[in-house]
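Engineer: My questions concern the predicted model and sequence given below.
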Amino acid sequence: MDLSPEQEARRIAAVRRYDILDTPPDGAFDRIAALAARLFDAPAATVTIVDTDRVWFKAAYGLAGVTQIGRDPGLCTSAILTGGPLVVPDTLDDPVARAHCPVTGPARVRFYAAAPVTTGDGHRLGTVDVLDTKPRRITAAQANALTDLAALVMDELELRLSALRMLRVERELVEVEHAARERAQRDRSEIAAYASTLQRTLLPPALPEVPGLEAACHYTTASVHDVGGDFYDVFPLGTGRWAFFLGDVSGRGAPAAALTSLIRYTLRTTALLEPDPCVVLRALNTALLSASSDGSGFCTLVFGTLAPDPAGGFALTLAGGGHLPAHHLRPARRDGPARAAAGTEQVNLAGGCLSAPCRRRTSSPGPFNSCPARRSSSTATDSPRPVLPAAPGSARAA
């Protein structure tokens with residue numbers, strides 16, 4: 001009895017599910033075909049898959065060069081319609097088989113026996129066939145052996161399908177992992193660009209030219225993917241006076257950036273109105289307490305003003321709020337009675353809170369280097385160190 005169109009459609013869907021058609025020769029199926037021929041002492045045996053319009057040979061023992069035949073009525077097409085082995089003792093006596101091409105063609109098949117390759121859900125994908133050029137009969141034991149060989153073919157198909165599914169899952173996982181790595185790299189690049197842009201808005205693009213004074217800075221964050229907590233600036237106050245500050249805010253990232261922005265704005269605007277650095281730091285302390293009632297937003301810094309000294313150089317007034325001490329650099333003197341080696345002098349400010357008392361120092365005439373920001377990326381506690389004016393002669397930054 002022929003299959004209904006719906007049954008045939010489901011059977012073809014099962015054939016497609018196993019993805020076996022037109023695949024290269026496989027030793028497992030070749031061995032099953034050879035074993036079938038030996039068990040039946042027959043010259044030829046095949047493992048076939050019945051497609052919509054053809055019978056494709058997955059293995060063909062004794063049929064050199066044959067890969068497929070048309071799906072005409074007869075042999076394999078008839079075998080997938082039965083629930084058990086199909087045996088045709090003499091194909092010339094069978095009204096359907098006698099017109100089939102293996103019978104009428106060069107193979108001259110006179111005996112045919114087949115067992116359907118059946119899936120677990122009942123779809124017959126193809127057959128294991130035994131062919132001979134002379135009529136013959138088989139025993140019930142041989143018919144059962146043919147059924148077992150068809151079951152072995154089905155087992156191989158299931159194993160192959162499981163391997164294919166695992167391979168596809170692995171490929172999908174690799175693709176997902178690759179996509180995730182690319183997405184993470186894009187995210188890191190975007191974060192680095194965002195952090196770099198945000199960092200540039202918190203620092204001066206370059207130090208201004210201060211007549212009679214040489215200033216320099218170097219700033220490196222611990223990570224390109226984060227906004228550093230250190231900040232500095234040098235800006236004019238008018239009438240030849242200048243102000244500078246250097247500090248470190250609590251935290252990292254966007255919260256630190258917001259806090260740094262508040263500190264820079266407060267220091268720059270207050271310094272224009274208040275000549276006393278201590279008053280400027282008190283105003284900053286008030287602003288920080290107002291912005292962070294729980295005290296989580298804080299900073300350490302030094303703030304100073306520079307004014308031209310009538311004797312030459314600059315008079316520097318320095319106030320500190322919990323930051324590491326500044327250092328006064330003294331260059332070496334190699335001539336005259338005051339010959340001396342180069343050295344540094346730590347400037348210890350009294351107090352240590354944001355409203356610390358001021359310490360006033362006056363520089364001798366001569367240029368000096370100022371290093372408003374230097375930070376090591378190896379430790380978060382290696383805060384920048386400001387450098388105070390040096391005595392006349394060559395000078396360098398700490």
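Structural biologist: Good, I have the coordinates. Numbering: from 1, shown residues only.
Engineer: Helices of the chain, residue ranges please.
Structural biologist: 5-18, 27-40, 75-79, 101-104, 140-202, 253-273, 277-291 (DSSP state H).
Engineer: what sits up against stretch 159-175?
Structural biologist: For stretch 159-175, the external contacting residues (Cβ atoms under 8 Å, 6 or more residues apart in numbering) are 17-20, 26. All C-beta atoms are positioned from the backbone trio N, CA, C, and that covers glycine.
Engineer: Please repeat the previous calculation with a cut-off of 6 Å.
Structural biologist: Stretch 159-175 has contacts (Cβ atoms under 6 Å, 6 or more residues apart in numbering) with Tyr18.
Engineer: Check stretch 18-33 too.
Structural biologist: For stretch 18-33, using Cβ under 6 Å, 6+ apart, the contacting residues are 45-47, 49, 56, 58-59, 61, 149, 152-153, 156-157, 161.
Engineer: Off-centre distance for stretch 96-106?
Structural biologist: 61 Å (Cα atoms, centre = their mean, to the nearest Å).
Engineer: Name the nearest of the contacts of stretch 18-33 relative to Pro5.
Structural biologist: Closest to Pro5 out of these is Ile49 (19.8 Å), distances taken as Cβ to Cβ.
Engineer: Now do the contacts for the spatially closest residue to the closest one that is not a sequence neighbour.
Structural biologist: Excluding the flanking residues, the one nearest Ile49 by Cβ to Cβ, 6 or more residues apart in numbering is Gly126, at 3.9 Å. Counting by Cβ under 6 Å, 6+ apart, Gly126 touches 48-50, 117.
Engineer: Restricted to strands, list the residues you listed.
Structural biologist: Judged by DSSP state E, the contacts of Gly126 include 48-50, 117 as members of strands.
Engineer: The residues you listed: which two are farthest apart?
Structural biologist: So, the ones in strands among the contacts of Gly126 by Cβ to Cβ: farthest apart are Val50 and Val117, at 9.4 Å.
Engineer: These two - which one has more neighbours?
Structural biologist: Val117 (27 against 23; other Cβ atoms under 10 Å).
Engineer: That one against Leu149, yeah?
Structural biologist: No. Proximity of Val117 to Leu149 does not meet the contact threshold set by Cβ atoms under 6 Å, at 9.3 Å.
Engineer: re earlier: among the contacts of stretch 18-33, which one lies nearest to Leu39?
Structural biologist: Relative to Leu39, and with distances defined as Cβ to Cβ, the nearest of the contacts of stretch 18-33 is Leu149, at 7.8 Å.
Engineer: Give me the spatial nearest neighbour of the closest one, chain neighbours excluded.
Structural biologist: Nearest to Leu149 is Val128, by Cβ to Cβ, 6+ apart, at 4.8 Å.
Engineer: and the helices of the chain, which is most packed in?
Structural biologist: Burial of the helices of the chain is given as mean neighbour count (mean count of other Cβ atoms under 10 Å); helix 75-79 ranks first at a mean of 23.
Engineer: what does that helix rub up against?
Structural biologist: 48, 50, 55, 71, 86, 97, 100, 112, 114, 116, 127.
Engineer: can you tell me how far the first one sits from Leu161?
Structural biologist: Same thing as Thr48. Look at Thr48 and Leu161: by Cβ to Cβ, to the nearest Å, they are 18 Å apart.
Engineer: what does the second one give?
Structural biologist: Distance of Val50 to Leu161, computed by Cβ to Cβ: 18 Å.
Engineer: Which residue lies nearest the spatial centre of this protein?
Structural biologist: Arg181 (1.7 Å; Cα atoms, centre = their mean).
Engineer: Kindly provide the distance from that one to Ala193.
Structural biologist: Taken as Cβ to Cβ, the span from Arg181 to Ala193 is 19 Å.
Engineer: Compare the helices of the chain and report which one is nearest to Gly297.
Structural biologist: Here helix 253-273 is closest among the helices of the chain (Cβ to Cβ), at 4.9 Å.
Engineer: Could you list every helix and strand that that closest one packs against?
Structural biologist: Secondary-structure packing of helix 253-273 (3 or more Cβ pairs under 6 Å, 6 or more residues apart in numbering; DSSP states H and E): helix 140-202, strand 241-249, helix 277-291.
Engineer: any idea how far the longest one is from the chain center?
Structural biologist: The one in question is helix 140-202. That offset, for helix 140-202, works out to 16 Å (Cα atoms, centre = their mean).
Engineer: for the record, mean pLDDT for it?
Structural biologist: Taken as a whole, helix 140-202 has a mean pLDDT of 86.
Engineer: what's the angle between it and helix 27-40?
Structural biologist: 180 degrees (axes from the mean of the first three to the mean of the last three Cα atoms, to 10 degrees).
Engineer: same check, this time on the shortest one
Structural biologist: Here strand 241-249 runs at 20 degrees with respect to helix 27-40, directions being taken by the same axes, to 10 degrees.
Engineer: buried stuff in strand 241-249?
Structural biologist: By 16 or more other Cβ atoms under 10 Å, the buried positions in strand 241-249 come out as 241-249.
Engineer: Just name the closest of the residues you listed to Ala315, please.
Structural biologist: Nearest member of the buried residues of strand 241-249 to Ala315, counting by Cβ to Cβ, is Arg241, at 9.6 Å.
Engineer: For Val117, give its distance to Arg252.
Structural biologist: Counting by Cβ to Cβ - Val117 and Arg252 are separated by 66 Å.
Engineer: now Cys299
Structural biologist: Taking Cβ to Cβ, one finds Cys299 at 13 Å from Arg252.
Engineer: Compare neighbour counts for those two and give me the winner.
Structural biologist: The neighbour comparison of Cys299 against Arg252 (other Cβ under 10 Å) goes to Cys299, with 24 against 17.
Engineer: From His323, how far out is that one?
Structural biologist: Distance from Cys299 to His323, by Cβ to Cβ: 9 Å.
Engineer: Arg181 now?
Structural biologist: With Cβ to Cβ as the criterion, Arg181 and His323 are 42 Å apart.
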